[in-house]
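# Give me coordinates for this.
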Amino acid sequence: MVAPVVLCVVSSMVSAQNQPSARQKTKGVSCLHDNSGLKLPAGFCATVFADHIGHARHLVITPSGVVYVNTWSGPYYDFDKPPDGGFLVVLRDSTGTGKADVIERFGETVQTGGAGGVGIGLYKGSIYAEINDRIVRYSLPADSIVPKPPETIVSKLPLGGDHPMHPFIIGADGSLYVDVASATNSCQAKNRQPKIPGDNPCTELETRGGVWRYDANKTNQVFSPANRYATGIRNAEGFAFDSAGRLFVTQHGRDQLHANWPDLYKPSEEATLPTEELMLLKSGGDYGWPECYYDGSQRRLVLAPEYGGDGGKSVGVCANKIAPVAAFPAHWAPNAMVWYDGKQFPGRYRDGVFIAFHGSWNRAPYAQGGYNVVFQPLDGEHPSGNCEIFADGLAGAKKTPEGATHRPTGLAVGPDGALYVSEDIRGRIYRIVYQGGPAGAAPKGAPCPSLSAPAGKIVELPATPPEGNANAAANLPVPEGSTAEMVALGDRIYHGRVGGAGCTGCHGANGTGSPLGPDLTKKQWLWSDGSFAGILKVITDGVPQPKKYRSPMPPMGGAQLSDTQASALAAYVWGLSHKASK
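Okay, the predicted model is just below:
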């Protein structure tokens with residue numbers, strides 16, 4: 001294997017084949033001066049094409065090299081203020097420097113009731129984009145990169161629940177395939193709560209948990225159960241057609257097997273089950289959710305505990321479901337996918353897909369994973385080898401939801417063969433090119449971890465010198481009726497060293513919050529008055545219907561805590577919110 005390199009020198013950029021935007025050769029650009037921070041296989045380098053454009057999700061590139069990006073807003077981003085202008089962004093490099101110098105916005109705004117979206121596509125010279133509960137079409141005028149006002153293609157797509165987004169792809173025949181993901185984790189009457197069986201039948205599947213098909217050439221279509229193309233897919237955010245026209249989709253596997261079913265699963269299996277999936281989409285196909293999940297160690301679909309499963313032994317109805325083509329480590333979150341059809345990269349990359357993994361939260365208190373771009377080689381409908389980590393380093397020093405600097409969300413191939421990667425924390429677009437020579441073996445990335453790899457050790461907080469306050473819990477205030485020892489025990493529980501709690505996955509290692517859970521260090525209480533008793537009640541009862549965040553919190557955060565441990569955790573959280581400001 002060729003060792004990965006972070007940066008390489010670019011003497012000149014590869015020009016696109018017969019494309020207007022790339023007829024002018026890119027001027028000499030040095031990756032050494034870019035500081036993209038990406039770790040790539042030998043011969044590849046990256047530049048920052050654009051930055052700070054909003055919470056960028058999927059993107060598409062025209063034959064002339066103009067980049068269109070959809071951006072999102074709302075509860076996942078703590079309702080922060082989007083950039084001024086529309087949620088759709090158009091980027092163009094008019095000077096050949098490898099960076100966008102023309103940046104314009106269009107489409108719905110906050111003022112017009114827009115919240116942005118994830119999906120975006122290109123078909124017959126028009127831009128298709130998801131906005132709220134609709135997919136709309138923008139016609140591109142011949143003399144402008146900013147489209148005309150839109151027409152509605154599909155409306156009244158389901159919103160709400162755990163997965164309100166609608167990624168999509170458009171085939172050469174105009175078929176519009178839309179992800180209408182599940183509203184719940186596993187179709188329970190009380191979402192994400194312990195030991196609650198799944199609804200049987202799962203009526204949610206009538207309008208969620210699958211892929212729907214519409215016609216990109218027709219306007220004013222309305223969402224209907226009758227247009228369901230495939231079912232049993234919890235969340236298919238990544239779509240890609242291969243060179244033969246086969247459609248592949250990714251699947252986010254379900255969460256909280258141990259948290260909700262502690263009698264059947266070990267704490268470490270919260271981090272290792274189930275795997276993420278790459279699936280070949282078939283008309284009328286049933287891929288198993290919510291009754292089944294894929295166990296990577298066994299390499300088979302097994303029965304979910306909500307439907308009579310016994311911790312991965314029984315198969316039951318899953319024997320009749322469609323298994324994935326390939327699988328990836330648990331909870332990495334495949335948010336986008338693209339088939340590489342360019343000619344710039346070495347030939348081995350032309351038979352496979354790149355997948356952007358947004359990164360996990362449900363592996364806590366063990367080390368998180370993902371936050372990278374992976375290449376999966378394919379031979380027809382089957383993998384031709386193990387997946388490889390192609391681009392890493394996006395997250396920076398901390399691969400956690402609250403600590404990551406960047407989290408990949410979108411992929412597209414430019415007309416010159418460059419690979420573009422979007423991310424949604426700071427709104428950056430990367431441009432990856434190949435500058436290696438034709439001689440020698442084609443470069444490879446590091447192999448993906450084995451699907452049977454253990455969860456590893458519980459992540460400890462970084463050590464600090466004595467003069468730097470080695471034991472932060474020792475300096476936290478103590479609520480009335482508790483003790484410093486209880487606060488210290490609560491610290492160990494919070495960080496997963498006692499009781500198997502995964503608090504850091506949603507609230508962050510320092511309690512400062514993440515897109516999945518609120519900041520515990522501020523006196524901003526959604527479910528109690530902030531007293532020790534109030535905090536203890538929330539921990540004990542859980543939060544079945546969050547006010548600001550998408551996913552419920554099970555009682556005890558999904559851990560099996562004794563009364564003493566729950567009190568200790570409450571004392572620690574109280575201390576976090578009452579510590580003296582510096």
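# can you pull the pLDDT of the residue lying closest to residue 379 once chain neighbours are set aside?
Closest residue to residue 379 in three dimensions, ignoring its sequence neighbours and counting by CB to CB, 6 or more residues apart in numbering: residue 351, at 6.8 Å. Where C-beta positions appear, they are placed from N, C-alpha and C, glycine not excepted. Residue 351 carries a pLDDT value of 93.
# List the residues that contact residue 351.
For residue 351, the contacting residues are 377, 378, 379, 384, by CB atoms under 8 Å, 6 or more residues apart in numbering.
# Including pLDDT, could the residues you listed go into CSV?
Formatted as CSV, the contacts of residue 351 follow (pLDDT from 0 to 100):
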residue, pLDDT
377, 97
378, 98
379, 97
384, 97
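# among those residues, which two are most distant?
By the measure CB to CB, 377 and 379 form the most distant pair in those, at 7.5 Å.
# and the two? which has more neighbours close in?
residue 377 (18 against 10; other CB atoms under 10 Å).
# Nearest residue to the middle of the protein?
Nearest residue to the geometric centre of the chain (CA atoms, centre = their mean): residue 358, 3.4 Å.
# give me every residue that touches that residue.
Each residue near residue 358 by CB under 8 Å, 6+ apart is listed here: 332, 333, 334, 335, 370, 371, 407, 408, 409, 424.
# Could you measure from it over to residue 106?
26 Å (CB to CB, to the nearest Å).
# cool, residue 68 as well?
9 Å.
# quick one: which of these two has more around it?
A direct count of neighbours by other CB under 10 Å for residue 68 and residue 106 places residue 68 higher, at 25 against 21.
# on contacts alone, who are the packing partners of the helix or strand in which the more buried one is found?
Assigned by DSSP states H and E, residue 68 falls within strand 67-72. Under the contact criterion of 3 or more CB pairs under 8 Å, 6 or more residues apart in numbering; DSSP states H and E, strand 67-72 touches strand 55-61, strand 88-92, strand 120-123, strand 126-131.
# who touches both of residue 68 and residue 106?
Common neighbours of residue 68 and residue 106 are listed as 88, 90 (criterion: CB under 8 Å, 6+ apart).
# shaky segments in the stretch 351-500 of the chain?
Within the stretch 351-500 of the chain, the stretches with pLDDT under 70 are 438-440, 460-472.
# Which stretches in it count as helices?
Ranges of helices in the stretch 351-500 of the chain, per DSSP state H, counting those that start in this stretch, are 484-494.
# starting at the chain centroid, how far to stretch 549-564?
Offset of stretch 549-564 from its chain centre (CA atoms, centre = their mean, to the nearest Å): 23 Å.
# list the buried ones in that stretch?
549, 550, 551, 552, 553, 554, 555, 556, 557, 558, 559, 561 (16 or more other CB atoms under 10 Å).
# so which of those residues would you say is closest to residue 299?
Using CB to CB, residue 558 comes nearest to residue 299 of the buried residues of stretch 549-564, at 26.9 Å.
# who touches that closest one in this structure?
Counting by CB under 8 Å, 6+ apart, the residues that residue 558 touches are 194, 256, 258, 259, 260, 270, 501, 502.
# for residue 301, same thing?
288, 292, 293, 294, 295, 315, 318, 319, 321, 323.
# From residue 234, how far off is the closest residue in space to the third one that isn't next to it in sequence?
So that's residue 293. Nearest residue to residue 293, sequence neighbours excluded (CB to CB, 6+ apart): residue 274, at 3.8 Å. Look at residue 274 and residue 234: by CB to CB, they are 10 Å apart.
# hey, what's in contact with both of the two?
253, 254.
# Can you give me the end-to-end span of stretch 93-106?
With CA to CA, to the nearest Å as the measure, stretch 93-106 spans 18 Å from end to end.
# which stretches of the stretch 1-150 of the chain form helices?
Taking DSSP H, counting those that start in this stretch, the stretch 1-150 of the chain contains no helices at all.
# any low-confidence regions in it?
Along the stretch 1-150 of the chain, the model assigns pLDDT under 70 to residues 1-35.
# can you do 80?
Scanning the stretch 1-150 of the chain with the threshold set as pLDDT under 80 gives 1-35, 78.
# Give me the domain ranges for the chain.
Taking automatic domain parsing as the reference, the chain has its domains at 20-435, 466-578.
# Flag the shaky bits of the stretch 201-350 of the chain, pLDDT-wise.
Those would be none, if you go by pLDDT under 80 across the stretch 201-350 of the chain.
# need the strands for it, in chain order.
210-215, 221-222, 228-231, 239-241, 247-251, 276-280, 292-295, 300-303, 326-328, 334-339 (DSSP state E, counting those that start in this stretch).
# Figure out which of the ones you listed is closest to residue 533.
strand 292-295 (38.1 Å).
# Which elements pack onto that closest one?
Counting contacts by 3+ CB pairs under 8 Å, 6+ apart, strand 292-295 is packed against strand 300-303.
# let's see it at 10 Å
strand 276-280, strand 300-303 (3 or more CB pairs under 10 Å, 6 or more residues apart in numbering; DSSP states H and E).
# Each with direction, which strands does it pair with?
Here strand 292-295 is paired, per DSSP bridges, with strand 300-303 (antiparallel).
# Give me the buried positions along the partner strand.
Neighbour-count burial for strand 300-303, with 16+ other CB under 10 Å as criterion, is recorded at 301, 302, 303.
# For the second one, give the beta-bridge partners.
What that stands for is residue 302. Beta-bridge partners, per DSSP bridges, of residue 302: residue 293.
# Please save the CA atoms from the longest helix that the chain contains in CSV.
For the chain, the longest helix by residue count, based on DSSP state H, is helix 563-578. Extracted in CSV, the C-alpha atoms of helix 563-578 (Å, rounded to 0.1, in the frame of the first residue of the first chain):
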residue,chain,number,x,y,z
ASP,A,563,-30.4,5.1,41.9
THR,A,564,-27.1,6.1,43.4
GLN,A,565,-25.5,6.4,39.9
ALA,A,566,-28.4,8.4,38.6
SER,A,567,-28.1,10.8,41.5
ALA,A,568,-24.3,11.1,40.9
LEU,A,569,-24.9,11.9,37.3
ALA,A,570,-27.5,14.6,38.2
ALA,A,571,-25.0,16.1,40.7
TYR,A,572,-22.3,16.3,38.0
VAL,A,573,-24.7,17.9,35.4
TRP,A,574,-25.8,20.3,38.1
GLY,A,575,-22.2,21.1,38.8
LEU,A,576,-21.5,21.7,35.1
SER,A,577,-24.2,24.3,34.9
HIS,A,578,-23.3,26.1,38.1
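# Against which helices or strands is that helix packed?
Packing partners of helix 563-578 (3+ CB pairs under 10 Å, 6+ apart): helix 484-494, helix 503-507, helix 532-541.
# How about the longest one, which residues are buried there?
Applying a neighbour-count criterion of 16+ other CB under 10 Å, the buried positions in helix 484-494 are 486, 487, 488, 489, 490, 491, 492, 493, 494.
# Just give me how far stretch 508-515 sits from the chain centre.
So, by CA atoms, centre = their mean, the centroid of stretch 508-515 is 18 Å from its chain's centroid.
# Output that stretch as CSV, restricted to C-alpha atoms.
The C-alpha coordinates for stretch 508-515 follow below in CSV (Å, rounded to 0.1, in the frame of the first residue of the first chain):
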residue,chain,number,x,y,z
GLY,A,508,-20.2,16.4,24.0
ALA,A,509,-17.1,15.4,26.1
ASN,A,510,-17.2,18.7,28.0
GLY,A,511,-21.0,19.0,28.2
THR,A,512,-21.1,21.9,25.7
GLY,A,513,-23.6,20.2,23.4
SER,A,514,-23.7,19.0,19.8
PRO,A,515,-26.3,18.9,17.0
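# is it true that residue 150 touches residue 114?
No: taking contacts as CB atoms under 10 Å, residue 150 lies outside contact range of residue 114: 11.4 Å.
# More neighbours: which of these two?
A count of neighbours by other CB under 10 Å puts residue 150 above the other of residue 150 and residue 114, at 22 against 17.
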